[in-house]
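S.K.: Sequence and computational prediction follow.
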Amino acid sequence: MFMTRVFKSLVVARSSPTASSLIFTQPILHRSNCNLNLLLQSTASTATTAQQRRSYRLAAAAKDSAASTGEKKKRKTSPSPGSRPKSKHAKGRRPPPINKIVTKTAPQNRSGGLSLKQTVLPEPSVVFSNNHILLVNKPAGYHSQPNESIEQTPSKKCLLSKLKARELGGGSANNFLLPMHRLDQPCTGIILLAKNSKAGTRTGNAFQKHVVQKDYFCVVEGNIDEMMQRSECVHKENGATMYKLTGVLMPGKNIGGNRKTNGGKSVVFKPMNDIKDVGDKRVCYLEWEHLLTVSGSRRGGSHLVRVVTGTGAKHQVRAMLSQLAKSPVCGDLRYGASGPLRDQSVALHARSLFLPTVELGDTAMKTLRFVAPIPKTWTQFFSLKEAKIPKINYEAK
């Protein structure tokens, strides 16, 4: 019975945190002091050991918690590999002074002048305008039609946007304009735009039937005698002598192994005699005549030629003169010119346009041939003026 009471007292003692809080039952106090001292020493040592273990566990847990918190802070402050560093001028910091900001000037091209991308484009001049059509002389650098990749804001290089801003179109808001044909960006010359749907339909039908007459002025480099040998001589009814180039447009061909050249696609023409089986390939032709030699000699220099086309393939005049006649247009680096012009233009000018079958209002289109003057830059580049150009007899085609 005595041992049972002692065991119960020990259980109560071990459940207490310290030895000083031990509570012993009354039966233990009636025993000898020796037994009591032994019990006190045993229970006190056991309680002290348990307390130390608990303290060790709490200290270890606190240490682990501090280590994990420090690791999280380190991850937040240190950038991960490949992440973008914060800007030097973050929010709340003052930007650098204006006088310390470096400004860059526009680079120059190989010929020493500024390119069309960096210069202010001149205003297109109006050749003819009425209630139905508008004809303008396009300077080099303008897109004759809006680009497919044009943004919401009108492009400064878009001819259509420029003319609409000047309210040269038709309709109640003077902004209806429909381009009826295209002209390459680095080239100059006459462009026809319709001011209403009626004019657009009638002139569009004339273009589809190939009854619209157009001619071009080109300054080419090369040998005129060699150009004549590569062409077929054609005598006109008005006494003029023209030379004809006939070529086959090769689908999918490229120049120099790169279909895209200078930001666009180039085309390839092959002489008609070199193609055994034309098949469904497109056959194109043009006629040209020599007007004058601008510089050098006939066998090596720059020459002004007049070109008339019967088909309207892309880059037809430029590609056929270079690939078939071996005389590229001056400044046309895409098709083999020896060097660029100072304004990065191509010396191809759409000279005139004639609509013999189109009837619009009271205007007699059969009696009007619209002519665009040559660009003023040709005076600087080739010393060429309107007064030097021979008179063209447009009586017979």
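M.R.: In hand now; what should we look at?
S.K.: Who are the contact partners of S144?
M.R.: Contacts for S144 (Cβ atoms under 8 Å, 6 or more residues apart in numbering) come out as 138, 159, 179, 181-185, 191. To be clear about C-beta, it is placed using only N, CA and C from the backbone, and glycine gets the same treatment.
S.K.: need the longest strand for the protein.
M.R.: Secondary structure of the chain per DSSP state E: the longest strand is strand 282-297.
S.K.: So in that sheet, which strands flank the very next helix or strand once past that one, and in what orientation?
M.R.: Tracing the chain past strand 282-297, the next element assigned as helix or strand by DSSP states H and E is strand 300-309. The strands beside strand 300-309 in its sheet (DSSP bridges) come out as strand 213-222 (antiparallel), strand 282-297 (antiparallel).
S.K.: And the helix or strand just after the first one, what's buried?
M.R.: Beyond strand 213-222 in the direction of the C-terminus, DSSP H and E gives the next helix or strand as helix 224-229. Neighbour-count burial for helix 224-229 flags 224, 227-228 (criterion: 16 or more other Cβ atoms under 10 Å).
S.K.: what's the closest of those to D215?
M.R.: Taking Cβ to Cβ as the measure, D215 lies nearest M227 of these, at 17.2 Å.
S.K.: Show me the shaky parts of this protein.
M.R.: 1-52, 56, 63-119, 147-154, 252-264, 395-397 (pLDDT under 70).
S.K.: Which stretches in it count as helices?
M.R.: With helices called from DSSP state H, the chain shows them at 2-14, 26-29, 33-77, 159-165, 197-208, 224-229, 316-323, 377-382.
S.K.: C-alpha coordinates for stretch 284-295, CSV please?
M.R.: Output in CSV follows, covering the C-alpha atoms of stretch 284-295 (Å, rounded to 0.1, in the frame of the first residue of the first chain):
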residue,chain,number,x,y,z
CYS,A,284,5.9,41.0,-121.0
TYR,A,285,7.2,43.6,-123.4
LEU,A,286,8.2,47.3,-123.6
GLU,A,287,9.3,49.7,-126.3
TRP,A,288,11.9,52.3,-125.9
GLU,A,289,13.6,55.1,-127.8
HIS,A,290,16.8,57.0,-127.2
LEU,A,291,16.2,60.7,-126.6
LEU,A,292,19.7,62.1,-125.7
THR,A,293,23.0,61.2,-124.0
VAL,A,294,23.2,63.0,-120.7
SER,A,295,26.8,62.3,-119.9
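S.K.: The contacts of S144: which two are farthest apart?
M.R.: Pairwise distances across the contacts of S144 (Cβ to Cβ) peak at 14.2 Å, for the pair H181 and Q185.
S.K.: partner residues bridging the nearest residue to L134 once chain neighbours are set aside?
M.R.: With sequence-adjacent residues excluded and distances taken as Cβ to Cβ, 6 or more residues apart in numbering, L134 is closest to L193, at 4.6 Å. Beta-bridge partners recorded for L193 (DSSP bridges): L134, P179.
S.K.: Tabulate the buried residues of helix 224-229 in a markdown table, adding columns for distance to L353.
M.R.: Listed next are the buried residues of helix 224-229 as a markdown table, based on distance: Cβ to Cβ, whole Å:
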| residue | distance to L353 |
| --- | --- |
| I224 | 27 |
| M227 | 25 |
| M228 | 27 |
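S.K.: Tell me the spacing between Q229 and K156.
M.R.: Relative to K156, Q229 is positioned 45 Å away (Cβ to Cβ, to the nearest Å).
S.K.: and stretch 198-218, which residues are buried?
M.R.: Result for stretch 198-218 [16+ other Cβ under 10 Å]: buried residues 199-200, 202-203, 206-207, 212-218.
S.K.: Please apply the same query to stretch 300-316.
M.R.: By 16+ other Cβ under 10 Å, the buried positions in stretch 300-316 come out as 302-309, 313, 315-316.
S.K.: go on, stretch 343-357?
M.R.: Buried-residue list, stretch 343-357, by 16+ other Cβ under 10 Å: 343-355.
S.K.: so how many other residues sit close to V317?
M.R.: 23 (other Cβ atoms under 10 Å).
S.K.: which of the strands paired with strand 300-309 sits most buried?
M.R.: Most buried of the strands paired with strand 300-309 by mean neighbour count (mean count of other Cβ atoms under 10 Å) is strand 213-222; its value is a mean of 23.
S.K.: Same list (the strands paired with strand 300-309) but as JSON lines, adding distance to L321.
M.R.: Below are the strands paired with strand 300-309 laid out as JSON lines (distance: least, Cβ to Cβ, whole Å):
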{"stretch": "strand 213-222", "distance to L321": "6"}
{"stretch": "strand 282-297", "distance to L321": "8"}
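S.K.: nearest to H235, of these?
M.R.: With respect to H235, and counting by Cβ to Cβ, the nearest of those is strand 282-297 at 11.3 Å.
S.K.: one step back: give the buried subset of the contacts of S144 as a PyMOL selection command.
M.R.: In PyMOL, this line selects whichever of the contacts of S144 come out buried by 16+ other Cβ under 10 Å:
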select buried, resi 138+159+179+181+183+184+185+191
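S.K.: between the contacts of S144, which is nearest R54?
M.R.: The shortest approach to R54 among the contacts of S144 belongs to Q185, at 85.8 Å (Cβ to Cβ).
S.K.: For the closest one, give me phi and psi.
M.R.: phi -60, psi -50 (degrees, to the nearest 10).
S.K.: which residue sits closest to it, ignoring its sequence neighbours?
M.R.: H143 (5.6 Å).
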